[in-house]
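**Q** prediction below, plus the sequence it came from.
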Amino acid sequence: MTTLRHWLVLAPAPTPTPSLDISLTRAALAHGFEGVWVGERLAGDSSARLAALAAAVPAVGLGLGLVPVTARVRDHLQDTLTTLSLLAPGRTSLAFALPTTLSPLARPGWREALGEAADLARRSGVPVCAAVHDVSTSVAAGRLVDRLVLRGVDPETVSRVHAATRALPRPPEVDVWLDAAGGGDGKALSVLAPIVAERLAVPGVAGHDAARAVARRLGPSGLLGDVERAYALGRPDLAAAGVPEEFVRDTCLVGEGMSARVAAYEAAGATRLAVALHDTGDADTTLAAVSETALPDEPVT
(Lines give C-alpha, C1' and ligand atoms only; values in the text may rest on other atoms or scores of the structure.)
Protein backbone atom coordinates (compact mmCIF):
# COMPACT_ATOMS: atom_id res chain seq x y z
CA MET A 1 0.00 0.00 0.00
CA THR A 2 1.27 3.47 -0.87
CA THR A 3 2.35 5.77 1.95
CA LEU A 4 1.74 8.92 -0.07
CA ARG A 5 -0.34 11.54 1.67
CA HIS A 6 -3.45 12.30 -0.38
CA TRP A 7 -5.28 15.55 -1.00
CA LEU A 8 -8.31 16.35 -3.13
CA VAL A 9 -8.39 19.22 -5.66
CA LEU A 10 -11.85 20.81 -5.73
CA ALA A 11 -12.88 22.45 -8.98
CA PRO A 12 -12.88 26.26 -9.12
CA ALA A 13 -16.13 28.15 -8.62
CA PRO A 14 -18.76 28.88 -9.92
CA THR A 15 -19.60 25.28 -10.90
CA PRO A 16 -19.45 23.64 -7.44
CA THR A 17 -21.90 24.25 -4.62
CA PRO A 18 -21.08 24.31 -0.88
CA SER A 19 -22.97 21.04 -0.40
CA LEU A 20 -20.95 19.35 -3.17
CA ASP A 21 -17.67 20.68 -1.74
CA ILE A 22 -18.56 19.35 1.71
CA SER A 23 -19.79 16.01 0.39
CA LEU A 24 -16.62 15.41 -1.66
CA THR A 25 -14.39 16.51 1.22
CA ARG A 26 -16.08 14.14 3.66
CA ALA A 27 -15.80 11.31 1.15
CA ALA A 28 -12.10 12.05 0.70
CA LEU A 29 -11.51 12.00 4.47
CA ALA A 30 -13.31 8.66 4.69
CA HIS A 31 -10.75 7.25 2.25
CA GLY A 32 -7.73 8.52 4.15
CA PHE A 33 -7.22 11.85 2.40
CA GLU A 34 -5.89 14.57 4.70
CA GLY A 35 -6.82 17.79 2.93
CA VAL A 36 -8.39 19.62 0.01
CA TRP A 37 -7.17 22.28 -2.38
CA VAL A 38 -9.66 24.96 -3.39
CA GLY A 39 -9.10 26.69 -6.70
CA GLU A 40 -10.16 30.17 -7.70
CA ARG A 41 -11.01 31.93 -10.93
CA LEU A 42 -10.85 35.46 -9.52
CA ALA A 43 -8.69 36.68 -6.65
CA GLY A 44 -10.61 36.24 -3.43
CA ASP A 45 -13.53 34.19 -4.76
CA SER A 46 -12.50 31.16 -2.70
CA SER A 47 -12.90 32.65 0.80
CA ALA A 48 -16.53 31.60 1.22
CA ARG A 49 -15.77 28.04 0.08
CA LEU A 50 -12.84 27.76 2.47
CA ALA A 51 -14.95 29.14 5.32
CA ALA A 52 -17.73 26.61 4.65
CA LEU A 53 -15.28 23.73 4.60
CA ALA A 54 -13.46 24.88 7.73
CA ALA A 55 -16.76 25.04 9.63
CA ALA A 56 -18.32 21.84 8.29
CA VAL A 57 -15.26 19.56 8.23
CA PRO A 58 -13.05 20.60 11.15
CA ALA A 59 -10.38 17.92 10.67
CA VAL A 60 -9.52 18.66 7.05
CA GLY A 61 -6.41 20.45 5.84
CA LEU A 62 -7.17 23.41 3.55
CA GLY A 63 -5.15 24.71 0.64
CA LEU A 64 -5.70 27.68 -1.67
CA GLY A 65 -4.23 27.39 -5.13
CA LEU A 66 -3.11 27.90 -7.68
CA VAL A 67 -2.74 31.64 -7.13
CA PRO A 68 -0.68 33.55 -9.75
CA VAL A 69 2.35 34.82 -7.86
CA THR A 70 2.05 38.28 -9.43
CA ALA A 71 -1.75 38.56 -8.97
CA ARG A 72 -1.80 39.95 -5.43
CA VAL A 73 -0.19 43.12 -4.17
CA ARG A 74 1.36 42.86 -0.73
CA ASP A 75 -1.70 44.12 1.18
CA HIS A 76 -4.05 41.81 -0.70
CA LEU A 77 -1.76 38.83 -0.09
CA GLN A 78 -1.61 39.70 3.61
CA ASP A 79 -5.42 39.74 3.70
CA THR A 80 -5.51 36.32 2.06
CA LEU A 81 -2.98 34.91 4.53
CA THR A 82 -4.89 36.38 7.47
CA THR A 83 -8.08 34.76 6.21
CA LEU A 84 -6.34 31.38 5.89
CA SER A 85 -4.83 31.64 9.35
CA LEU A 86 -8.16 32.55 10.97
CA LEU A 87 -10.22 29.92 9.15
CA ALA A 88 -8.07 26.93 10.06
CA PRO A 89 -5.01 27.74 12.16
CA GLY A 90 -2.16 25.33 11.55
CA ARG A 91 -3.83 23.40 8.74
CA THR A 92 -3.71 25.71 5.72
CA SER A 93 -1.42 25.97 2.70
CA LEU A 94 -1.03 28.39 -0.19
CA ALA A 95 0.16 27.39 -3.67
CA PHE A 96 1.40 29.90 -6.21
CA ALA A 97 1.43 29.55 -9.98
CA LEU A 98 4.49 30.93 -11.73
CA PRO A 99 4.26 32.71 -15.09
CA THR A 100 3.43 30.21 -17.83
CA THR A 101 6.71 30.25 -19.68
CA LEU A 102 9.76 28.04 -19.88
CA SER A 103 11.98 30.98 -20.76
CA PRO A 104 14.79 31.69 -18.24
CA LEU A 105 14.41 35.39 -19.14
CA ALA A 106 11.17 35.57 -17.13
CA ARG A 107 12.60 34.04 -13.98
CA PRO A 108 14.18 37.05 -12.24
CA GLY A 109 10.77 38.76 -12.04
CA TRP A 110 8.82 35.85 -10.63
CA ARG A 111 11.69 34.77 -8.38
CA GLU A 112 11.64 38.12 -6.57
CA ALA A 113 7.84 38.07 -6.27
CA LEU A 114 7.85 34.47 -5.02
CA GLY A 115 10.55 35.21 -2.45
CA GLU A 116 8.59 38.14 -1.01
CA ALA A 117 5.35 36.12 -0.97
CA ALA A 118 7.02 33.13 0.68
CA ASP A 119 8.52 35.30 3.44
CA LEU A 120 5.15 36.89 4.13
CA ALA A 121 3.42 33.50 4.20
CA ARG A 122 5.90 31.98 6.63
CA ARG A 123 5.50 34.93 9.00
CA SER A 124 1.77 34.18 8.93
CA GLY A 125 2.38 30.51 9.69
CA VAL A 126 1.16 29.33 6.26
CA PRO A 127 3.38 26.90 4.30
CA VAL A 128 3.90 27.99 0.71
CA CYS A 129 4.09 25.92 -2.47
CA ALA A 130 5.00 26.81 -6.05
CA ALA A 131 3.81 25.11 -9.22
CA VAL A 132 6.83 24.38 -11.44
CA HIS A 133 7.32 22.92 -14.88
CA ASP A 134 10.93 21.95 -15.49
CA VAL A 135 14.10 21.09 -13.57
CA SER A 136 15.74 24.50 -13.65
CA THR A 137 12.54 26.26 -12.58
CA SER A 138 12.15 23.69 -9.80
CA VAL A 139 15.65 24.40 -8.49
CA ALA A 140 15.08 28.18 -8.57
CA ALA A 141 11.69 27.99 -6.86
CA GLY A 142 12.79 25.21 -4.51
CA ARG A 143 15.20 27.58 -2.78
CA LEU A 144 12.25 29.76 -1.74
CA VAL A 145 9.30 27.50 -0.88
CA ASP A 146 8.40 24.53 1.29
CA ARG A 147 6.88 22.40 -1.46
CA LEU A 148 6.88 22.14 -5.23
CA VAL A 149 3.77 21.28 -7.25
CA LEU A 150 3.92 19.39 -10.54
CA ARG A 151 0.60 19.31 -12.39
CA GLY A 152 -0.23 16.64 -14.97
CA VAL A 153 3.23 15.09 -15.37
CA ASP A 154 4.61 11.56 -15.64
CA PRO A 155 6.69 9.83 -12.93
CA GLU A 156 9.95 10.46 -14.79
CA THR A 157 9.43 14.23 -14.53
CA VAL A 158 8.90 13.83 -10.79
CA SER A 159 12.08 11.77 -10.51
CA ARG A 160 14.12 14.40 -12.34
CA VAL A 161 12.81 17.24 -10.20
CA HIS A 162 13.28 15.25 -6.99
CA ALA A 163 16.90 14.40 -7.87
CA ALA A 164 17.73 17.99 -8.88
CA THR A 165 16.37 19.55 -5.68
CA ARG A 166 17.87 17.11 -3.17
CA ALA A 167 21.10 19.12 -3.08
CA LEU A 168 19.40 22.37 -2.02
CA PRO A 169 20.08 23.58 1.54
CA ARG A 170 16.42 23.03 2.44
CA PRO A 171 15.11 20.53 -0.11
CA PRO A 172 11.40 21.08 -0.81
CA GLU A 173 8.95 18.22 -0.84
CA VAL A 174 7.29 17.39 -4.15
CA ASP A 175 3.53 17.35 -4.68
CA VAL A 176 1.93 15.86 -7.77
CA TRP A 177 -1.51 17.04 -8.88
CA LEU A 178 -3.23 14.61 -11.25
CA ASP A 179 -6.56 14.61 -13.03
CA ALA A 180 -8.53 11.42 -12.40
CA ALA A 181 -11.64 9.68 -13.66
CA GLY A 182 -12.89 6.29 -12.54
CA GLY A 183 -15.12 3.69 -14.06
CA GLY A 184 -14.04 1.69 -17.09
CA ASP A 185 -10.95 2.76 -19.00
CA GLY A 186 -12.96 3.81 -22.05
CA LYS A 187 -15.21 6.09 -20.03
CA ALA A 188 -12.27 7.58 -18.08
CA LEU A 189 -10.28 8.25 -21.23
CA SER A 190 -13.22 10.04 -22.85
CA VAL A 191 -13.50 12.28 -19.79
CA LEU A 192 -9.78 13.02 -19.45
CA ALA A 193 -8.65 13.40 -23.07
CA PRO A 194 -10.31 16.86 -23.45
CA ILE A 195 -8.66 17.98 -20.18
CA VAL A 196 -5.23 16.92 -21.45
CA ALA A 197 -5.80 18.48 -24.88
CA GLU A 198 -6.77 21.82 -23.36
CA ARG A 199 -3.71 21.74 -21.11
CA LEU A 200 -1.43 21.15 -24.08
CA ALA A 201 -2.98 23.80 -26.31
CA VAL A 202 -4.12 26.70 -24.12
CA PRO A 203 -1.58 28.97 -22.36
CA GLY A 204 -2.58 29.86 -18.83
CA VAL A 205 -4.23 26.52 -18.06
CA ALA A 206 -2.71 25.02 -14.91
CA GLY A 207 0.13 22.68 -15.85
CA HIS A 208 0.41 23.98 -19.44
CA ASP A 209 4.20 24.19 -19.64
CA ALA A 210 4.78 20.99 -17.69
CA ALA A 211 2.40 19.07 -19.96
CA ARG A 212 4.07 20.42 -23.08
CA ALA A 213 7.47 19.41 -21.77
CA VAL A 214 6.21 15.87 -21.21
CA ALA A 215 4.63 15.85 -24.69
CA ARG A 216 7.93 16.82 -26.30
CA ARG A 217 9.59 13.86 -24.56
CA LEU A 218 6.86 11.20 -24.71
CA GLY A 219 4.29 12.27 -27.26
CA PRO A 220 4.31 11.34 -30.95
CA SER A 221 5.82 13.74 -33.43
CA GLY A 222 3.44 16.57 -34.24
CA LEU A 223 1.20 16.13 -31.20
CA LEU A 224 1.52 19.72 -30.01
CA GLY A 225 1.01 21.15 -33.48
CA ASP A 226 -2.07 19.01 -34.03
CA VAL A 227 -3.85 20.05 -30.83
CA GLU A 228 -2.94 23.71 -31.34
CA ARG A 229 -4.33 23.68 -34.90
CA ALA A 230 -7.53 22.02 -33.74
CA TYR A 231 -8.06 24.69 -31.08
CA ALA A 232 -7.26 27.44 -33.60
CA LEU A 233 -10.05 26.02 -35.79
CA GLY A 234 -12.45 26.05 -32.85
CA ARG A 235 -12.52 22.25 -32.69
CA PRO A 236 -11.48 21.12 -29.19
CA ASP A 237 -13.19 17.80 -29.95
CA LEU A 238 -10.63 17.13 -32.69
CA ALA A 239 -7.84 18.11 -30.32
CA ALA A 240 -9.07 15.60 -27.73
CA ALA A 241 -9.42 12.87 -30.34
CA GLY A 242 -5.82 13.46 -31.40
CA VAL A 243 -4.30 12.91 -27.94
CA PRO A 244 -3.05 9.30 -27.75
CA GLU A 245 -4.53 7.11 -25.03
CA GLU A 246 -1.09 6.30 -23.67
CA PHE A 247 -0.27 9.97 -23.19
CA VAL A 248 -3.45 10.42 -21.15
CA ARG A 249 -2.48 7.37 -19.06
CA ASP A 250 1.05 8.76 -18.60
CA THR A 251 -0.18 12.04 -17.11
CA CYS A 252 -3.50 11.21 -15.40
CA LEU A 253 -5.10 8.55 -13.21
CA VAL A 254 -7.27 6.55 -15.56
CA GLY A 255 -9.96 4.01 -14.74
CA GLU A 256 -8.54 0.71 -13.57
CA GLY A 257 -5.02 0.20 -12.24
CA MET A 258 -4.76 3.51 -10.39
CA SER A 259 -2.90 2.03 -7.42
CA ALA A 260 0.04 0.96 -9.57
CA ARG A 261 0.29 4.45 -11.06
CA VAL A 262 0.15 6.02 -7.61
CA ALA A 263 2.98 3.74 -6.46
CA ALA A 264 5.07 4.82 -9.46
CA TYR A 265 4.80 8.47 -8.43
CA GLU A 266 5.79 7.61 -4.88
CA ALA A 267 8.82 5.65 -6.11
CA ALA A 268 9.81 8.69 -8.19
CA GLY A 269 10.03 10.88 -5.07
CA ALA A 270 6.58 12.42 -4.62
CA THR A 271 5.51 12.84 -1.00
CA ARG A 272 1.94 14.07 -1.57
CA LEU A 273 -0.59 13.34 -4.29
CA ALA A 274 -3.50 15.67 -5.02
CA VAL A 275 -6.33 14.33 -7.16
CA ALA A 276 -8.72 16.40 -9.27
CA LEU A 277 -11.88 14.39 -9.90
CA HIS A 278 -13.61 14.83 -13.25
CA ASP A 279 -16.47 12.43 -12.61
CA THR A 280 -17.86 13.38 -9.22
CA GLY A 281 -20.80 11.00 -9.61
CA ASP A 282 -18.31 8.15 -9.19
CA ALA A 283 -16.24 9.89 -6.52
CA ASP A 284 -16.30 7.12 -3.89
CA THR A 285 -15.02 4.48 -6.30
CA THR A 286 -12.26 6.72 -7.65
CA LEU A 287 -11.12 7.89 -4.22
CA ALA A 288 -11.03 4.30 -3.00
CA ALA A 289 -8.98 3.24 -6.02
CA VAL A 290 -6.45 6.02 -5.42
CA SER A 291 -6.05 5.32 -1.71
CA GLU A 292 -6.68 1.57 -1.74
CA THR A 293 -9.07 1.91 1.19
CA ALA A 294 -12.36 0.08 1.54
CA LEU A 295 -15.58 1.94 0.96
CA PRO A 296 -17.15 3.03 4.28
CA ASP A 297 -20.21 1.16 5.51
CA GLU A 298 -21.86 4.34 6.77
CA PRO A 299 -21.79 7.90 5.43
CA VAL A 300 -19.31 10.19 7.15
CA THR A 301 -21.00 12.97 9.10
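**A** Ah, there it is.

**Q** kindly tell me how buried Ala55 is, as a neighbour count.
**A** By the measure other CB atoms under 10 Å, the count of residues near Ala55 is 11. (Glycine included, C-beta is placed from N, CA and C.)

**Q** hang on, it in a helix?
**A** Yes. Under DSSP: H, G, I helix; E, B strand; the rest coil, Ala55 falls within a helix.

**Q** distance-wise, check it relative to Ser259.
**A** To Ser259, Ala55 is 33 Å away according to CB to CB, to the nearest Å.

**Q** ok, Ala181 next?
**A** Distance of Ala181 to Ser259, computed by CB to CB: 15 Å.

**Q** next, count neighbours for Glu292.
**A** 14.

**Q** pick out the residue closest to the middle of the protein.
**A** Trp177 (3.3 Å; CA atoms, centre = their mean).

**Q** which element, helix or strand, includes that residue?
**A** strand 173-181 (DSSP states H and E).

**Q** list the neighbouring strands of that strand plus their orientation.
**A** Strand pairing for strand 173-181, using DSSP bridges, gives strand 147-151 (parallel), strand 253-254 (parallel), strand 272-277 (parallel).

**Q** and it, how far out from the chain's middle?
**A** Distance of strand 173-181 from its chain centroid, counting by CA atoms, centre = their mean, to the nearest Å, is 5 Å.

**Q** that one: what's the following helix or strand?
**A** As the chain continues past strand 173-181, the following element, by DSSP H and E, is helix 185-201.

**Q** buried residues in that following helix?
**A** 188-189, 191-201 (16 or more other CB atoms under 10 Å).

**Q** from the residues you listed, which is closest to His278?
**A** Val191 (5.1 Å; CB to CB).

**Q** neighbours of the closest residue to that closest one other than its chain neighbours, how many?
**A** Here the nearest residue to Val191 in space, its sequence neighbours aside, is Ala181; by CB to CB, 6 or more residues apart in numbering that works out to 4.1 Å. Look at Ala181: counted by other CB under 10 Å, it has 26 neighbours.

**Q** is the nearest residue to Val132 once chain neighbours are set aside in a helix, a strand, or coil?
**A** Distances taken as CB to CB, 6+ apart place Ser138 nearest to Val132, at 4.4 Å, with adjacent residues excluded. At Ser138 the chain is in helix, as set by three-state DSSP.

**Q** just to check, Ser138 is in contact with Ala164?
**A** Yes. Assessed by CB atoms under 8 Å, Ser138 is found in contact with Ala164 at 6.1 Å.

**Q** the two: who's more crowded?
**A** More neighbours surround Ser138 than the other of Ser138 and Ala164, with 23 against 16 (other CB under 10 Å).

**Q** run the chain-centre distance for stretch 195-209.
**A** Per CA atoms, centre = their mean, the centroid offset for stretch 195-209 relative to its chain is 13 Å.

**Q** mind checking the end-to-end distance for it?
**A** 14 Å (CA to CA, to the nearest Å).

**Q** so who does Val37 touch?
**A** Check again: residue 37 is Trp, not Val. Residues near Trp37 by CB atoms under 8 Å, 6 or more residues apart in numbering: Trp7, Leu8, Val9, Leu10, Gly63, Leu64, Gly65, Ser93, Ala95, Trp177, Ala274.
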